[in-house]
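Chemist: Sharing a model prediction with you, sequence too.
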Amino acid sequence: MPSRYPGAVTQDWEPVVLHKTKPKSQDLRNPKAVNAALRSGLAVQTVKKFDAGSNKKGKSTAVPVINTKKLEEETEPSAMDRVKAEVRLAIQKARLEKKMSQADLAKQINERTQVVQEYENGKAVPNQAVLAKIEKVLGVKLRGKHVK
């Protein structure tokens, strides 16, 4: 069988040099590493970051801060309608007649307790779907002209 490589077989490898891995930036911020570098005489750079660790925007920012409430008031001609007093009282009366708590009603209509509280306090913006669910559970008419 003939040889594939005619002549003398030689190694054509280059030497491999292993280096230490660079220290990670987190390791460089470690107070022990910083103190060790200072003791050994190496140059250590410290930078104080502006607004580090806070979510607040400084007053010195170039972009003016926009108040979203003012923006809404300017763009929308009127405030949203709230639940009327007749509807609020009808919900409360029907719920108490059935001896249900706000939490029980909320569970039955598959909403949060806070939603029922807002409807009964008149703070909620009426949602027809929620009103329909309350009507179904309590057996009271809350929408339309016949609301008493």
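Modeler: Alright, I've got the coordinates.

Chemist: contacts, neighbours, all on C-alpha from now
Modeler: Fine.

Chemist: Read off the pLDDT value for residue 85.
Modeler: At residue 85, the model reports a pLDDT of 88.

Chemist: Which secondary structure element of this protein has the lowest mean pLDDT?
Modeler: Lowest by mean pLDDT, DSSP states H and E among the helices and strands of the chain is helix 68-75, with a mean of 68.

Chemist: What ranges does the protein have for its helices?
Modeler: For the chain, applying DSSP state H gives helices covering 25-29, 31-40, 68-75, 85-97, 102-109, 113-121, 128-138.

Chemist: looking at those helices, which has the lowest confidence?
Modeler: Note on the helices of the chain: helix 68-75 shows the lowest mean pLDDT, a mean of 68.

Chemist: Relative to residue 118, how far out is residue 92?
Modeler: Distance of residue 92 to residue 118, computed by C-alpha to C-alpha, to the nearest Å: 12 Å.

Chemist: Of the two, give the one with the bigger neighbour count.
Modeler: residue 92 (19 against 16; other C-alpha atoms under 10 Å).

Chemist: Is that one in contact with residue 119, as I believe?
Modeler: No. The criterion here is C-alpha atoms under 8 Å, and residue 92 misses it with residue 119 at 9.3 Å.

Chemist: could the helices of the chain be laid out in CSV, adding distance to residue 13?
Modeler: Converted to CSV, the helices of the chain look like this (distance: least, C-alpha to C-alpha, whole Å):
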stretch, distance to residue 13
helix 25-29, 35
helix 31-40, 39
helix 68-75, 68
helix 85-97, 87
helix 102-109, 75
helix 113-121, 74
helix 128-138, 77
